[in-house]
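>>> okay, predicted coordinates and the sequence, questions at the end:
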Amino acid sequence: MIQRRKSRPVKAGALAIGGDFPVTVQSMLNRNPRDIEANVRQAAELEAAGCDIVRVAVPDREAVKLIPALKAAVNMPVVADIHFDYRLALESVAAGADKIRVNPGNIGGEDRVKAVADACRAKNIPIRIGVNSGSVEKCLLEKYGGPTPRAMAESAMNHARLLEKYDFEDIVLSLKSSDVASTVEAYETAAELCDYPLHLGVTEAGTARMGLIKSSAGIGALLLRGIGDTIRVSLTDEPVREAAAGLNILKAVGLRTDSPVLVSCPTCGRTRIDIISLAGEVEKRLAGCKKKIKVAVMGCAVNGPGEAREADIGIAGGDGCALLFKKGEIIRKVPEEDIVDELMKEIERFEAP
Ligand code: SF4
């Protein structure tokens with residue numbers, strides 16, 4: 001059981017981030033900001049995939065128009081991602097953004113920080129300070145000899161202090177590096193220095209394959225230590241894949257239990273049926289299922305039911321057939337061609353205790 005770090009919750013729209021609230025999954029739109037329709041479509045896809053929060057880049061005034069369009073189309077909180085121009089932050093707040101991502105140290109002066117803090121406070125909007133290893137200030141790079149985890153944590157605290165000066169504490173922090181070990185250490189350091197909620201991510205993690213592995217290692221390690229309140233898997237791929245990956249990481253560490261867990265054996269010389277295809281088919285058929293159930297797809301009848309004793313329902317392959325079992329007890333034998341259908345019928349009948 002994960003003991004979560006106690007962070008002070010903030011609210012983004014109807015959703016709370018931090019405290020004892022569930023860890024949320026977010027992603028970022030990647031369509032052209034001029035194409036409102038494409039962005040709205042992509043946000044709707046993300047929402048349908050189970051994403052909790054959507055972020056959109058606001059590089060100029062024209063892009064602010066995306067915010068009301070997205071708010072009208074989806075129920076997820078909409079985060080405006082601002083770099084450097086505080087006026088875009090103010091306009092995004094006025095346009096209905098539920099959260100702003102901006103680094104107060106980069107917007108050019110205390111009066112601007114105050115203006116953004118005041119605007120967000122007036123609407124109860126949190127600000128995420130997003131420190132990346134590439135954005136650490138020169139003085140800290142010199143002090144620490146590079147963008148070390150300690151330098152990243154200090155940079156985040158310095159940005160936070162600028163907001164605290166104006167009594168603004170609805171802050172979320174992120175400290176992302178493309179290096180997994182540095183990312184983990186940076187978040188661990190920040191977790192000790194403050195109680196702000198933490199947005200986890202490994203930045204520029206890579207393509208769907210390696211990016212997912214790096215994100216799972218970094219985000220997973222932190223979540224298992226109780227650190228992290230919202231996550232974003234960064235992939236060089238479609239956002240909907242990021243959301244799916246984020247949800248699967250939460251599932252893998254036991255922080256999301258509202259969908260089936262599939263246990264399948266690695267196969268070995270005892271396997272007599274095509275367990276690889278069967279497991280793939282079962283996984284496909286379970287997509288979208290909202291039952292809390294553990295399903296096992298095992299390669300042999302000798303060890304299968306025993307190895308998957310913890311599963312609620314499962315199959316163990318035989319020669320051209322499979323045994324269907326519940327909690328390790330065999331209930332019947334089914335021919336190979338009916339295995340998936342029979343298993344799905346049992347899953348439909350199953351009622352979680
Ligand atoms: Fe091998 Fe059977 Fe174990 Fe699968 S369940 S790995 S086939 S022993």
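Cool, the structure landed.

>>> contacts and neighbour counts: CA atoms only from here.
Will do.

>>> so which residues of the protein form helices?
For the chain, applying DSSP state H gives helices covering 36-48, 66-73, 86-94, 110-122, 138-144, 149-164, 180-193, 208-224, 239-252, 275-286, 304-307, 339-349.

>>> next, count neighbours for the closest residue to the ligand within the stretch 51-200 of the chain.
The ligand sits closest to residue 180 of the stretch 51-200 of the chain, with a gap of 31.3 Å, by Cα to the nearest ligand atom. Residue 180: 21 surrounding residues under other Cα atoms under 10 Å.

>>> contacts only, for it.
Shown in contact with residue 180 (Cα atoms under 8 Å, 6 or more residues apart in numbering): 202, 214, 215, 217, 218.

>>> got a list of what the first one touches?
By Cα under 8 Å, 6+ apart, residue 202 lies in contact with 176, 177, 178, 179, 180, 183, 214, 215, 218, 219, 233, 234.

>>> residue 202 versus the closest residue to residue 149 other than its chain neighbours, what's the distance?
Leaving out its chain neighbours, the residue that sits closest to residue 149 by Cα to Cα, 6 or more residues apart in numbering is residue 186, at 4.1 Å. Distance of residue 186 to residue 202, given as Cα to Cα, to the nearest Å: 11 Å.

>>> coming back round to it: pLDDT score for the residue of the stretch 51-200 of the chain closest to the ligand?
pLDDT recorded at residue 180 is 97.

>>> next: residue 135.
Residue 135 is assigned a predicted lDDT (pLDDT) of 89.

>>> one more: residue 329?
pLDDT for residue 329: 87.

>>> before we move on, what about residue 287?
Looking at residue 287, its pLDDT reads 87.

>>> distance check, it against residue 338.
Taken as Cα to Cα, the span from residue 287 to residue 338 is 19 Å.

>>> for stretch 62-77, which positions count as buried?
Across stretch 62-77, burial judged by 16 or more other Cα atoms under 10 Å covers 63, 64, 65, 66, 67, 70, 71, 74, 75, 76, 77.

>>> chain center to it, what's the gap?
Distance, stretch centre to chain centre, for stretch 62-77: 21 Å (Cα atoms, centre = their mean, to the nearest Å).

>>> quick one: mean pLDDT for that stretch?
Per-residue pLDDT values over stretch 62-77 give a mean of 98.

>>> returning to what we had before: in TSV: the buried residues of stretch 62-77, plus distance to the ligand.
Formatted as TSV, the buried residues of stretch 62-77 follow (distance: Cα to the nearest ligand atom, whole Å):
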residue	distance to the ligand
63	53
64	54
65	54
66	51
67	50
70	47
71	48
74	43
75	43
76	41
77	44
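
>>> farthest pair in those?
63 and 75 (19.6 Å; Cα to Cα).

>>> neighbours around residue 46, how many?
Neighbour count for residue 46, taken as other Cα under 10 Å: 27.

>>> since that was my last question, I'll sign off now.
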